[in-house]
Every structure is written in C-alpha cells, then in structure tokens.
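In: the following block contains a protein sequence and its predicted model.
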Amino acid sequence: MKNCLKKLNLSGLLLLSIVLNISCDKEETSGISESVETENFEITQLQASDESELISEEIIHIGEDVYATDEIQATSRGSYISDYLPDCVTITTVVTSTSKEKTIDFGEGCELPNGNLLSGKIILNYLKDMEVAMKTLSFSLEDFMFNGVSVEGSATVQRMRYNDNGNPQSEAVADFSGQWPDGSAASFTGNRTREWIEGFGSGFWGDNVFLISGNGTYNGKSGNVLVKETINPLRRELSCRFIVSGLLEISKNDTTVSLDFGDGSCDSKGILTYPDGESKEIFLRRFKN
C-alpha cells in the first residue's frame, strides 16, 4: 500500500509539473505574440505614417485645386475663382506654346483654412490645351514645409475631367520624403485614386468632399516599413484636417492590422484592430484638434 501511494504521489507530481509547464509555455507564447504586435505597430510610427498620407494628399489637392480653377475658367468662359488658398499664397504662371507652369508660393508661412501651416513652393506643370478630357499634372517642391515637416519629392497625376459618376477623378503616383521636427525622417510612396464627389466648381472650399483609395508604402526610421491598402474608401471633407471615415489594412513584417477612421466625425482618432481581435482607440496625429 505504501508503495502504491508513493507511485500515485510521484505520478501526480509529474502530471502537475507537465500541466504547469504547458500553462507557462502558453502564457509565454501569448506574451511574445502580444509583444511582437505591439512592437510592430508603435503608435508613433502610425502617427508619422498617417501624417505622411495627409502631406501627400494636401499637396495633390492644392495642385488639383489650382488646375481646376484654370480648367473651369477656360472651359466655362467664366471668372470662377476657388477660395481654398488664402491671400498669403502667391501664384505665378509661365506659359509656353504647349504648356503652363504654375508656382504656388506659400512664402515663409501661410495657414490654410483647415489649419495646416505651409511654407515654400509647389510647382505645377501641365499641357496648355484645356479642352482635353485627360490631362497629366506634374508636381515638384521647393523649400517646402508642412506643419513643421520638411518635405521633398514629386508626384504625377492623371486627371480625368469626368468619370462614370460624372465626377472629376485623378490617378496619382506620389514619391515624397520628410524630416520631422524631432529629427526623424521617412519616405512615403503611393498610388491612389481620388474622386471629387461633392463641391466641384462651387467656389466654396468648405463643401468639397473626396473619396480616396489605393495603396502605399511608408519607410520610417530604423528601417520600419508599413505597407497600406485601402479596404473602404477614405472620405476627406476639406473642412476637416483629418480623414473622417474609411478603413485601411496596414502590414508590417508578418502582422496585419486594420485602422478604422471612424463614423464621419472630424477628429484625429482611429480604431486600431489587431489580428487577435483586440481593438483600441488611438490618436493619429501630433496635434489633436
């Protein structure tokens, strides 16, 4: 009997040891997984990545707004003027027999209606003929800064006067790099479709709305690379400095998360969802209003 009890006790201890080891392994594995996800998607990386998207979007919008003013004036034979760019912006035009070059100069600092502060120049080139249905717009930058971020690079936009919905639409290929106030640097490239769904030709910037879709790559400091793809089109209302709705998938290494920009409210918040289903609210910009 004593020998049997000893055997049972030894067997019980062995079983308990196995169970505890399995439990510890699971906890350690779970901890590693959570740590990897957190490390892969640091909030500061996502903030800089999202801000880089805003920079690219704003540059392209400004160029399109200036071009649209020229187009509407030429094709409608009217005196249309967009009110998006404030009086502190100077636009000069050089015309050749086939092309136009417009220099959009923000001087030492000029605040847009949505609160973004720009300085330096955006240089825009396109063909002189305003009657064609499809036009190529070329963008370059000179001493350009956006909310304290020093930006270099270029973009090319294939602009369609009317898509199947009757709206202006552009296919943009952008390649920009930036240096942030803290000294960190990043590059951001992307292909995007941009449909002007509301407010085109109204002359009032506050009613302009765009739907944006596409993909892009953000290369941050320390070799961090984020690859983005639009799942639901991003809605930009020009009266807000933030994207107000839409869904992105963002991948880094072997981990993919989703970023939901919300229900249409004008704020810098987003919902980040990890592969395990865990979600949390994050702020997407260095500034929150």
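Out: Structure's in. What do you need?
In: residue closest to the middle of this structure?
Out: Glu53 (2.4 Å; C-alpha atoms, centre = their mean).
In: backbone dihedrals for the spatially closest residue to Met134 that is not a sequence neighbour, both of them.
Out: In space, and not counting its chain neighbours, Met134 is closest to Met160: 5.6 Å by C-beta to C-beta, 6 or more residues apart in numbering. For every residue, glycine as well, the C-beta is placed using N, CA and C. For Met160, the backbone dihedrals (degrees, to the nearest 10) come out as phi -100, psi 130.
In: same question, Asp50
Out: According to degrees, to the nearest 10, Asp50 has phi -70, psi -40.
In: list the residues that contact it.
Out: Asp50 makes contact with 270, 284-285, according to C-beta atoms under 8 Å, 6 or more residues apart in numbering.
In: Ser251 and Ser177, how far apart?
Out: 21 Å (C-beta to C-beta, to the nearest Å).
In: make that Ser154, sorry
Out: For Ser154, the distance to Ser177 - C-beta to C-beta - is 11 Å.
In: quick one: the strands in the stretch 101-250 of the chain?
Out: Secondary structure of the stretch 101-250 of the chain (DSSP state E, counting those that start in this stretch): strands at 110-111, 117-127, 134-146, 149-160, 169-179, 185-198, 209-219, 225-237, 243-252.
In: and the third one, which residues are buried?
Out: When burial is assessed from 16 or more other C-beta atoms under 10 Å, strand 134-146 yields the following buried residues: 135, 137, 139, 141, 144-146.
In: pick the one among the residues you listed closest to Asn215.
Out: Nearest to Asn215 among those, counting by C-beta to C-beta, is Phe139 at 19.2 Å.
In: hmm, that closest one is touching Val157, no?
Out: Yes - with contact defined as C-beta atoms under 8 Å, Phe139 counts as touching Val157 (7.2 Å).
In: partner residues bridging the residue lying closest to Pro233 once chain neighbours are set aside?
Out: Nearest residue to Pro233, sequence neighbours excluded (C-beta to C-beta, 6+ apart): Leu211, at 4.2 Å. Bridge pairing for Leu211 (DSSP bridges) gives the partners Glu195, Arg235.
In: equivalent analysis for Ser154, please.
Out: Beta-bridge partners, per DSSP bridges, of Ser154: Ser140, Asp175.
In: and for the one 5 residues further on?
Out: Note on Arg159: beta-bridge partners by DSSP bridges are Lys135, Ser170.
In: residues touching it, list them.
Out: 64, 67, 134-137, 168-170.
In: now it: how far from Val149?
Out: In terms of C-beta to C-beta, Arg159 sits 26 Å off from Val149.
In: circling back to that earlier point, turn the buried residues of strand 134-146 into JSON lines, columns for pLDDT and distance to Thr75.
Out: Output for these, formatted as JSON lines (pLDDT from 0 to 100; distance: C-beta to C-beta, whole Å):
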{"residue": "Lys135", "pLDDT": "94", "distance to Thr75": "12"}
{"residue": "Leu137", "pLDDT": "97", "distance to Thr75": "16"}
{"residue": "Phe139", "pLDDT": "97", "distance to Thr75": "22"}
{"residue": "Leu141", "pLDDT": "98", "distance to Thr75": "28"}
{"residue": "Phe144", "pLDDT": "98", "distance to Thr75": "30"}
{"residue": "Met145", "pLDDT": "98", "distance to Thr75": "34"}
{"residue": "Phe146", "pLDDT": "96", "distance to Thr75": "31"}
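In: about what we covered before: tell me the one of the contacts of Arg159 nearest Gly206?
Out: Among those, and counting by C-beta to C-beta, the member closest to Gly206 is Glu64, at 16.6 Å.
In: you'd agree that closest one is in a helix?
Out: Yes - counting by DSSP: H, G, I helix; E, B strand; the rest coil, Glu64 is part of a helix.
In: that one: what's it in contact with?
Out: Contacts of Glu64 by C-beta under 8 Å, 6+ apart are 137, 157, 159, 168, 170, 194, 196.
In: I'd like these written out as a markdown table, with distance to Cys240 added.
Out: Shown next, in a markdown table, are the contacts of Glu64 (distance: C-beta to C-beta, whole Å):
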| residue | distance to Cys240 |
| --- | --- |
| Leu137 | 24 |
| Val157 | 22 |
| Arg159 | 23 |
| Pro168 | 20 |
| Ser170 | 20 |
| Arg194 | 16 |
| Trp196 | 16 |
